[in-house]
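Asks: The sequence and its predicted three-dimensional model are supplied below.
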Amino acid sequence: MKRSTIINISVIAGIILILIVLNIVFFVDEGGQEDELTGDRSSYSARSYGTRAFYTLLEELNRPVLRWREPFTMLKKEEVDALVLISPSPFALPSADELKSLDEWVQGGGWLFIIDREVDISFGDVKIKTKFFPKGPEGVRILQPSVYTQGVNSFKLSPYASRFQISGPGVVTLMGDKTGAVLADFSYGEGHVVLLSDPFPVANNGIMEADNYKLALNIINSAGGDKIAFDEYHHGYGEVREGLRAYFRNTPVPWIAGQALLIAVTIIYTRGRRFARPIPLRRDDRASSLEFVSSMANIQRLAKASDLAIENIYLRLKPRLCRYCGLPTTATTRQIAEAVARRAPVSAPEIKRILDRCEGALAGSNVNENELLSLIKRLRQMQAEIGC
């Protein structure tokens, strides 16, 4: 097998393999890959680890909730009163500029709810980090009464609940154990920060456990204001300004376009390479029939062979006239003229004169150029009138 053939087959097989992989990736059941540690906590998600149930509950209770799909730098412009940040995606963490804007927004009077197992953030002199303890939530209890735990007789956390390690003034630990805080809050400037180290109480699979729903509602209800925003920007649901991209978001269209592009590349590649012996290009004759006629006419003019021009036309026309009239080719010009005149609306004397002049030219009679042109022109007209 030729080397070029092997390369072509390898390229086509590679593209087909890529198409298969793309289809497998697109149709994979992402929900089956999630667990308590990696689940999507978006309020759009109705899976076990999402927070759609909590968001819908707040809507049913007429709480002024909305989904925030902008970076934190836009908080002041949109006049958001409270922001709920639940376990942002590790692939879309806030940037340094966003954290700076978030800090300024809280100082200006915003309420920030951070519900996450992995936190490393600072607000002024307050440093917040989380630490995981393998023993789970055993021993966690309400340390002091507050609006957050009002009516909460029992609660349930996941085995992966972490503990806050907080240093700084004004921080109040409301739930926890000797290893750290699970629920804490503190004032910062004119705003307030509430921390919960486990998203399980607000998740779809945990909100109905024990009094978790009361705990979740108390936390959100502690904030006043007319706009309580659930952060979706850092779950990958950022507002896309480009209309076409936004229209096709979360649809198979980008995958279809990608596969169509690969197929087009394959076709271009295979059609652009030679798979057989080279074939010479077709060469068209650049000389037209008019050039030939002009050359022949010029040769006849230079040779003064006007009889040849008449011979070329007359000797082809005379047999046609004979067949048209049913006469033999040996018939005289008078017989031909009279027979043609009986069948066609032409003058017999005129036809005879033209035929006799042609016979004379062929016999050697002199014919000048003007007479030759007029004679040939009349022969063509007569042929058209008779239709032979």
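Replies: That came through fine.
Asks: any idea whether Asp356 is helix, strand or coil?
Replies: Here Asp356 is recorded as helix under DSSP: H, G, I helix; E, B strand; the rest coil.
Asks: Any idea how many residues pack against it?
Replies: When neighbours are counted by other Cβ atoms under 10 Å, Asp356 registers 14. To be clear about C-beta, it is placed using only N, CA and C from the backbone, and glycine gets the same treatment.
Asks: what's the spacing between the closest residue to it other than its chain neighbours and Lys352?
Replies: Excluding the flanking residues, the one nearest Asp356 by Cβ to Cβ, 6 or more residues apart in numbering is Thr333, at 5.3 Å. Between Thr333 and Lys352 the distance is 5 Å, computed by Cβ to Cβ, to the nearest Å.
Asks: Same check on Val193?
Replies: Applying Cβ to Cβ to Val193 and Lys352 gives a distance of 122 Å.
Asks: With Pro159 instead?
Replies: Here the criterion is Cβ to Cβ. By it, Pro159 lies 124 Å from Lys352.
Asks: can you map out the strands along the stretch 201-350 of the chain?
Replies: Taking DSSP state E, counting those that start in this stretch to define them, one finds strands in the stretch 201-350 of the chain at 228-231.
Asks: related to what we said a few turns ago, quick one, which of Pro159 and Lys352 is more surrounded?
Replies: A count of neighbours by other Cβ under 10 Å puts Lys352 above the other of Pro159 and Lys352, at 19 against 12.
Asks: Surely that one forms part of a strand?
Replies: No - secondary structure assignment (three-state DSSP) places Lys352 in helix, not in a strand.
Asks: which residues does it contact?
Replies: For Lys352, the contacting residues are 333-334, 336-337, taking Cβ atoms under 8 Å, 6 or more residues apart in numbering as the criterion.
Asks: Name the member of the residues you listed with the most neighbours.
Replies: The residue in these with the most neighbours, by other Cβ under 10 Å, is Ala337 (24 neighbours).
Asks: can you pull the contacts of that residue?
Replies: If a contact means Cβ under 8 Å, 6+ apart, then Ala337 has 348-349, 351-352, 355 as its contacts.
Asks: how close does it get to Thr266?
Replies: As defined by Cβ to Cβ, Ala337 lies at a distance of 74 Å from Thr266.
Asks: Next, count neighbours for Glu227.
Replies: You called it Glu, but residue 227 is Lys. Taking other Cβ under 10 Å as the definition, Lys227 ends up with a neighbour count of 16.
Asks: err, Phe54, not the other one
Replies: What Phe54 shows, counting by other Cβ under 10 Å, is a neighbour count of 27.
Asks: I figured it hits Ile207, correct?
Replies: Yes - using Cβ atoms under 8 Å, Phe54 makes contact with Ile207 at a distance of 5.6 Å.
Asks: any common contacting residues for these two?
Replies: Taking Cβ under 8 Å, 6+ apart as the contact rule, Phe54 and Ile207 both touch Ala216.
Asks: As TSV, the contacts of Ala337 with pLDDT would be great.
Replies: As requested, those are arranged in TSV below (pLDDT from 0 to 100):
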residue	pLDDT
Ala348	87
Pro349	88
Ile351	86
Lys352	89
Leu355	86
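Asks: quick check, nearest of those to Gly236?
Replies: Distance to Gly236, by Cβ to Cβ, is smallest for Ile351 among the contacts of Ala337, at 95.3 Å.
Asks: How much space separates the spatially closest residue to the closest one that is not a sequence neighbour from Leu362?
Replies: Closest residue to Ile351 apart from its sequence neighbours, by Cβ to Cβ, 6+ apart: Ala337 at 4.0 Å. Ala337 sits 17 Å away from Leu362, taking Cβ to Cβ as the criterion.
Asks: How about Gly14?
Replies: Remark: distance between Gly14 and Leu362 (Cβ to Cβ) = 78 Å.
Asks: got the end-to-end distance for stretch 144-156?
Replies: 17 Å (Cα to Cα, to the nearest Å).
Asks: what's the answer for stretch 226-237, then?
Replies: End-to-end distance for stretch 226-237: 23 Å, by Cα to Cα.
Asks: quick revisit: using JSON lines, lay out the contacts of Ala337 together with distance to Ile256.
Replies: Formatted as JSON lines, the entries for the contacts of Ala337 read as follows, by distance: Cβ to Cβ, whole Å:
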{"residue": "Ala348", "distance to Ile256": "80"}
{"residue": "Pro349", "distance to Ile256": "83"}
{"residue": "Ile351", "distance to Ile256": "76"}
{"residue": "Lys352", "distance to Ile256": "81"}
{"residue": "Leu355", "distance to Ile256": "78"}
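Asks: For the stretch 251-388 of the chain, give me the ranges with low pLDDT.
Replies: Within the stretch 251-388 of the chain, the stretches with pLDDT under 70 are 273-276, 284-293, 296-297, 300-307.
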